[in-house]
Structure formats: structure tokens, C-alpha cells
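Asker: could you look at this predicted model? Sequence included:
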Amino acid sequence: NKARLITLIIFLVFLMVFKHQVSHLMISKFKTIDFDVLSKKIANLNETGLDYLIVPNIVHLVKFDESFFDFISYITIKSIIVNHKPEVILIHTNLRSFQGQYWNWLKNESSCIKLIFISKPRYIFGQRILHNFHAADVTRLLVLMKYGGIYFDLDVFVIKSMHHFRKYELSIGWSEGQFLGNQVIVAHPNARFLKLWYNSYKTYYPTKWYYNAGELPTRHILNSNPGLVHRVKNEFGVTNLAVMLYQKLIPDEVWQQDFYCVHLLIRHRDYLVPFDSVKIFDEDNIRGYNKTFGAMVRWLLFGSSKLL
């Protein structure tokens, strides 16, 4: 019993030290910025950006309730590590650990992945949050306001380093004529849009899948004040690219040049590409998957997009 108590104390001390180090990383390197004041001094602040980096090189992921790590989650994190090279990847979760061979692979391949325990939000401004994806929508805003950094959904494939966007207050995918895409967000913790977006949940519609995540902030905040963000029209790949990914094979140089990252739409494939030959991807069937997504994964895992 005494040995167990000592072990528990050591673990708790380690956890406290790590959390302090993550917070210190952000505070020491990226000072507080008043963007209202700064935007009056620098015209078109989020068009030109600053001459130095203001967003910490911390990547945030959110995963609630599901302990199993699948192949797509593995590919997402692998692509972040290889192609972006963050200082740390924080997985915010209400679980103590994950399971499965792909999680074991990640633990063995990289030491930059850390779990941050967080309770899944159940209410927002007094209203009950009904769905996991809405809880994740809220959580990404909370962690970015706390730490700053880069948020990715767990089905985003990173192709190139995101460091270019760390000089802006907040960068987000927002194509012409569409709502913003919240699958990729690069933000300073004091970014004005983060707070406005979070406060817009005072009008929360739990029965509408993407209203608070995309429609409301676009219509009622950004359309009237687009200068709050650095608008990335296409390069974050947050539009519907299912045909390109799963029905076509485009040249490597096209997707490598056109996109910094791509949202894989993995939970939507069953109706976007219902006749695709592969239903669940793994490290074996990806070798012979002769579509753009197959080429991307082979390029990441094996150094060549060629069929194996």
C-alpha cells in the first residue's frame, strides 16, 4: 500500500509539472497581445500578418468517449508529426488512455504526444449539449483560448508545415460562398474571433449539426467583420473533396502544391462515395488503393505514392 501511494504521488507531481510546463511554453514565448489596439496600428492586420510568429507551435486534438484509436487517427497524427513538426501534441480527452495497435504505434514512434484530461462539456450557457460533436466544437474553442496553437480534427491529413499561418491572429478555412470550416484553426489565445465565436453559443441550437460551428459565426460575425481572421479560401482543404480523395487519382504535385492539409470527411464517406471499394482503411488495403487518398498515405508511410 505504501509503495502504491508513493507511485500515485509521483504520478500526480509529474502531471502538475507537465501542465505547468505546457502553460509556461505558451506564456514565455508568446506574450499577451491586445488585437483591438494592434489592429488600429496595423492596417489589414490579418491580411499581412506580423513579421514574427505569435501562435505557439502546439497542436490540439479532441477525442471524447472513444478509447479505440483507428487507422485514420493514426494517419492524422503521423502526418502532423512528419509534415508540421509541432513542439507538442495535446490530446484533450475525458479518458485516461487509449487502446489499439495504432495507439501503441504512436506511443513508440513519438514522445511529443501528451494526454490532457478534460471533462466533456455538458452545458453551454445553461443549455444542455446533446451531441459529442457539439461538445468537441465547444472544447476546441476553450483550449485555443487557453493555450493558443493549432487545432485539427482527427481526420485531417497534414501535407505541409502550418508555420506560415502562425504570424496571424487567427487563420481559418473559409471558401467563397460557404460557411467557415472549423476542422482546422490556427489561433493566438487572445484572438478576438475566438471569444466572439464562443459567446455566440448563447444562441445554441442543439438540433442543428453545423449551425453554431459554422453557419452562425459566418453569417453573424465574419460576414460583417471579415478582418477578424486570416481567410484561407482553399488551402486548408475543408470543403467537400470526397471525389478528389476517393474517386480520382490526381498527380502528387497538385495536392502537394494546392493544400496545406485536407479534411478527409471520413465519417461522411458512406453517403458521399457509397460505392467505394474500401469501407474501412488499414495499413494493408491502403497499399493498393489507387485513388488520391491512397497516394497521400503511401507518400507519408513509405516515402512514395506508388502502389505497393
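Answerer: Perfect, thanks for sending it. Numbering: from 1, shown residues only.
Asker: now the helices for this structure?
Answerer: All helices of the chain, identified by DSSP state H, fall at 2-29, 35-41, 45-48, 71-83, 101-109, 132-147, 192-199, 216-217, 242-246, 252-258, 269-272, 292-302.
Asker: which positions within the last one qualify as buried?
Answerer: Right, helix 292-302. Residues of helix 292-302 classed as buried: T292, F293, G294, A295, M296, V297, R298, W299, L300, L301 (neighbour count, 16 or more other Cβ atoms under 10 Å). All C-beta spots, glycine's among them, are computed from the backbone N, C-alpha and C.
Asker: what's the distance between the nearest residue in space to the third one that is not next to it in sequence and R298?
Answerer: Using Cβ to Cβ, 6 or more residues apart in numbering and skipping the chain neighbours, the partner closest in space to G294 is I286 (5.6 Å). According to Cβ to Cβ, to the nearest Å, I286 and R298 sit 7 Å apart.
Asker: and for P86?
Answerer: Distance, P86 to R298, by Cβ to Cβ: 23 Å.
Asker: identify the residues contacting H220.
Answerer: S200 (Cβ atoms under 8 Å, 6 or more residues apart in numbering).
Asker: please state the offset of stretch 279-291 from the chain centre?
Answerer: 23 Å (Cα atoms, centre = their mean, to the nearest Å).
Asker: now stretch 168-186
Answerer: On Cα atoms, centre = their mean, the centre of stretch 168-186 falls 12 Å from that of its chain.
Asker: okay, how far is it across that stretch, tip to tip?
Answerer: Stretch 168-186 has an end-to-end distance of 8 Å (Cα to Cα, to the nearest Å).
Asker: hang on, the earlier thing: need the helices of the chain in a markdown table with mean pLDDT, can you?
Answerer: Below are the helices of the chain laid out as a markdown table (pLDDT from 0 to 100):
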| stretch | mean pLDDT |
| --- | --- |
| helix 2-29 | 50 |
| helix 35-41 | 95 |
| helix 45-48 | 96 |
| helix 71-83 | 98 |
| helix 101-109 | 97 |
| helix 132-147 | 97 |
| helix 192-199 | 98 |
| helix 216-217 | 98 |
| helix 242-246 | 98 |
| helix 252-258 | 98 |
| helix 269-272 | 96 |
| helix 292-302 | 98 |
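Asker: let's have those in CSV, adding distance to N223.
Answerer: Formatted as CSV, those follow (distance: least, Cβ to Cβ, whole Å):
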stretch, distance to N223
helix 2-29, 31
helix 35-41, 18
helix 45-48, 15
helix 71-83, 31
helix 101-109, 40
helix 132-147, 19
helix 192-199, 13
helix 216-217, 9
helix 242-246, 27
helix 252-258, 26
helix 269-272, 27
helix 292-302, 32
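Asker: right, so of the ones you listed, which gets closest to T207?
Answerer: Smallest distance to T207 across these (Cβ to Cβ): 10.3 Å, for helix 132-147.
Asker: and the closest one, what other elements does it pack with?
Answerer: Contact partners of helix 132-147 among helices and strands, from 3 or more Cβ pairs under 8 Å, 6 or more residues apart in numbering; DSSP states H and E: helix 2-29, strand 58-63, strand 88-93, strand 149-152, strand 181-187, helix 192-199.
Asker: hang on, the earlier thing: the buried residues of helix 292-302: which two are farthest apart?
Answerer: It's T292 and L301 that sit farthest apart of the buried residues of helix 292-302, by Cβ to Cβ, at 15.1 Å.
Asker: what's the neighbour count on I42?
Answerer: By other Cβ atoms under 10 Å, 14 other residues sit near I42.
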